[in-house]
Structure formats: structure tokens, C-alpha cells
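Novice: Sequence and predicted structure, then a few things I'm wondering about:
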Amino acid sequence: MGTWIVIGIVVVIVVWLILTYNGLVTARNRTQEAWSEIDVELKRRHDLIPNLVNTVQGYIGHERGTLEAVTNARAAAVSAGATGDPAKIGQAENMLSQSLRSLFAVSENYPELKAITAFTNLQETLTATEDKIEFSRRFYNGNVRDYNIKLQTLPTSLIAGALGFKPFGFFQADEGDRAVPQVNFGPPSGSGGPPAGPPAGGSSGPPPPGQSGPPPQV
């Protein structure tokens, strides 16, 4: 009788280990899949920005500081994406969002620019991409929360580390960067005003963005 009790206990433990391991693998894969959706949308935004800058610079070229801020923020976001660290990526992407809002706010002072189909199409596409990023961020963070809870609660927490499972970091959005920037419009510098037409030459394609891959486990 005692032997059968021991065998029964061993069987229960083995079954629990298998179910727990499979559950953690499933939760981890779902989290990585959710991150890949964010990654796709971020790369899409990075690819659109060079064309946006090329389109607007002929009209608001004297707003050089705003254009440079967008270009620099995009470069920083691409570099952060290469690290795969959600914290660094989130900070860089928040700065990029803020710079884009500033650019679109400045563009409101140029009716001739808003009449350009290429600009309005890019603006609408970037806005739609922002919405997708926000949705993907919420979905990813929900999966991170559920996965991390599994790791931190008993009895799973007793074996998760030994099985190689580590928590994921959240992809945070800074609420301060969500506010619409205040822009004071002044008359364009120079007597001639902004050019009446788009810049000469076609817009060049964007450089390939950094490969971010799945987020690291911390």
C-alpha cells in the first residue's frame, strides 16, 4: 500500500510539472507574439518618416529645428529598437511621437502643405499606425502581466527560475508625452515666405530600420 501511495505522489508531481511547464511556455510565446505585433508597427512608422520629412521640408524648410527633431528622434528610435529593451524602446518612441506631434502642429500654419495629397496620406497613415501601436501595447502589456503573475505566484515561482523562465518588461507609454505640444505660430522668416511647390527630386527610400526582435526577459 505504501508503495502505491509513493507512486501516486510521484505521478501527481510529474503531471503538475508538465502542466506548469506547458502553461509557462504558452504564456511566454503569447507574450513574444504580442511584442512582434508592436515591432511590426514601429518599423512601419520608422519607414514612413523619411518620406514625410522629404515631403514637408520644401514647404516649411525654415522650421529646420522641427524637422531635425523628427529626424533625430527617428534615428534614436531605430537604435533603441536594435537593443530589444522595451524600456529603452518605449522612451525613444515616446520622444518620436512628441516630435511628430510638433511637426503636424507646425504644418497647420501652412494651408498649401495640407493641400498636398502625399502629405495628407502620410499623416493619415502615421495616425493609423499610432493607433495600432497603442492597441498592440495594451495587448502586449496584458500578456506580460499575466505571464509575470504566473512566475511570481506559488507554487509556480518555486520552479519557474529553475526551468529557465524569466519575467518580461512592460512597454510603457509616458503620459507626459501624450499631451499635445503647445506651438506658437509666428510669421515665416524671410520676405519670400515658403516655396510654392514641393522640393525638387523624388524622395529617397528610408534606410532599413534596426532589427529589434523579441523583448528581453529581465
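Specialist: Perfect, thanks for sending it.
Novice: CA only for contacts and neighbour counts going forward, please
Specialist: Fine.
Novice: Show me what counts as buried in stretch 28-40.
Specialist: 28, 30, 31, 32, 34, 35, 36, 37, 38, 39, 40 (16 or more other CA atoms under 10 Å).
Novice: who does the helix or strand hosting residue 52 touch, helix- and strand-wise?
Specialist: Using DSSP states H and E, residue 52 maps to helix 2-56. Applying 3 or more CA pairs under 8 Å, 6 or more residues apart in numbering; DSSP states H and E, we find helix 2-56 packed against helix 64-83, helix 117-152.
Novice: Name the residues of the shortest one that come out as buried.
Specialist: The one in question is helix 64-83. Going by neighbour count (16+ other CA under 10 Å), the buried part of helix 64-83 is 66-67, 69-71, 73-81, 83.
Novice: returning to that earlier point: could you redo the helices and strands packed on helix 2-56 as CSV and give each row distance to residue 167 and mean pLDDT?
Specialist: Below are the helices and strands packed on helix 2-56 laid out as CSV (distance: least, CA to CA, whole Å; pLDDT from 0 to 100):
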stretch, distance to residue 167, mean pLDDT
helix 64-83, 17, 93
helix 117-152, 5, 94
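Novice: would CSV of the ones you listed with distance to residue 110 be doable?
Specialist: Below are these laid out as CSV (distance: least, CA to CA, whole Å):
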stretch, distance to residue 110
helix 64-83, 14
helix 117-152, 12
